[in-house]
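Trainee: requesting a structural model of the entry that follows:
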Amino acid sequence: MQSFQLSCESTVDLPYAYVSGRNIPVLFYNYTVDEKEYVDDMGRDPEALPHFYHMLEEGALPSTSQLNEYQYIEFFEPLLQQGDLIHIALGSGMTNSVANAFQAAELLREKYPDRRLVVIESLCSSSGYGLLVDGAADLRDEGKSMEEIETWVMGVRGRIHHQFFSTDMKFFHRSGRVSGATATVASILNICPIMRLDDTGAIIAYDTVRGKKRAIARTVDTMEAHAAGGTAYAGKCFISHSNCHADAEVIREEIVKRFPNIKDIRIYDIGTIIASHSGPGTVAVFFYGDVRQPDKK
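Mentor: Here you go, the predicted model:
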């Protein structure tokens, strides 16, 4: 049995049953709609996500807030009392929460000098963040040390690619993830911006196509260009979607055709926190590849 624990945040966009089953404690984000606060559900209540999208359809504009220092302390401390802890946090390209995680860790190290607490910024988001945590859990289960896992995460986090597109850019613009010009042009011309995360974990809209069919083809082409081994890629591939499962299935089929060596490809829901900023109609593909590049602009 390992002498340390591995933890994450609910924005990994993996089902809670899966994460819990792998003995990964989770710190939950909250979101607010019409001054009512909800907990990021991660599939614990099968009605929660449909209710969330129903609120969006009715015109609701959810808001989210970063995790504060006190929330991290409340989460970390009981785990530290059991042993050492390595926590992988949502990337700062999505939220500044990780700064509070670092500060909480500093305070707790003073209180628990005999415990080791490591906080790592993932540089990832959604099920790409989940892919990173999942890989770390695989190493833990293989008996790797805390130090070995930390080294692996730091080396791999910038190689997990996030390729995605959306048929509705309203929420991306509202949350400041893309410019108003990009969102307006996309809406008027029925264009799907093709997006990715850069080396810092920030969203970049780097190409545009008309229609979902071309968006899917462009996404798969980009995966071929960047995946480890190209079409010989045999690593895990996660796909996530915000209330458009049929589109996720189509892109899964295209990936299976293009990458015959992939043995582990999974489809997950984009959770309520990430979907508060992406809205419905987003499909994302996550895989291991070359080093993610900065924005060329």
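Trainee: got a list of what residue 119 touches?
Mentor: Listed by CB atoms under 8 Å, 6 or more residues apart in numbering, the contact set of residue 119 reads 87, 89, 98, 101-102, 105. (Glycine included, C-beta is placed from N, CA and C.)
Trainee: now these in a markdown table, with neighbour count and pLDDT?
Mentor: Converted to a markdown table, these look like this (neighbours: other CB atoms under 10 Å; pLDDT from 0 to 100):
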| residue | neighbour count | pLDDT |
| --- | --- | --- |
| 87 | 24 | 98 |
| 89 | 27 | 98 |
| 98 | 25 | 96 |
| 101 | 29 | 98 |
| 102 | 15 | 98 |
| 105 | 20 | 98 |
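Trainee: between those, which is nearest residue 145?
Mentor: Distances from residue 145 to the contacts of residue 119, taken as CB to CB, are shortest for residue 87 (16.2 Å).
Trainee: chain center to the helix or strand containing that closest one, what's the gap?
Mentor: Here residue 87, judged by DSSP states H and E, is contained in strand 84-89. For strand 84-89, the separation from the chain centroid amounts to 16 Å (computed by CA atoms, centre = their mean, to the nearest Å).
Trainee: just to revisit the earlier point, out of the contacts of residue 119, which comes closest to residue 72?
Mentor: Each of these was scored against residue 72 by CB to CB, and residue 101 proved nearest at 4.9 Å.
Trainee: sec struct for that closest one, please.
Mentor: Using DSSP: H, G, I helix; E, B strand; the rest coil, the secondary structure recorded for residue 101 is helix.
Trainee: from what I see, it and residue 87 are in contact.
Mentor: Yes: checked against CB atoms under 8 Å, the pair residue 101 and residue 87 is within contact range at 6.7 Å.
Trainee: the strand holding residue 87 pairs with which strands?
Mentor: Next to strand 84-89 in the sheet, as set by DSSP bridges, lie strand 4-9 (parallel), strand 117-121 (parallel).
Trainee: quick check, distance from the longest one to the centre of its chain.
Mentor: Its chain's average C-alpha position is 16 Å from that of strand 4-9, according to CA atoms, centre = their mean.
Trainee: same check on the last one?
Mentor: The chain centre lies 17 Å from the centre of strand 117-121; the measure is CA atoms, centre = their mean.
Trainee: which residues touch the spatially most central residue of the chain?
Mentor: For the chain, the residue nearest the mean C-alpha position is residue 126 (1.7 Å; CA atoms, centre = their mean). Residues touching residue 126, when contacts are defined by CB under 8 Å, 6+ apart, comprise 11-13, 162, 240, 270-271, 274, 284, 286.
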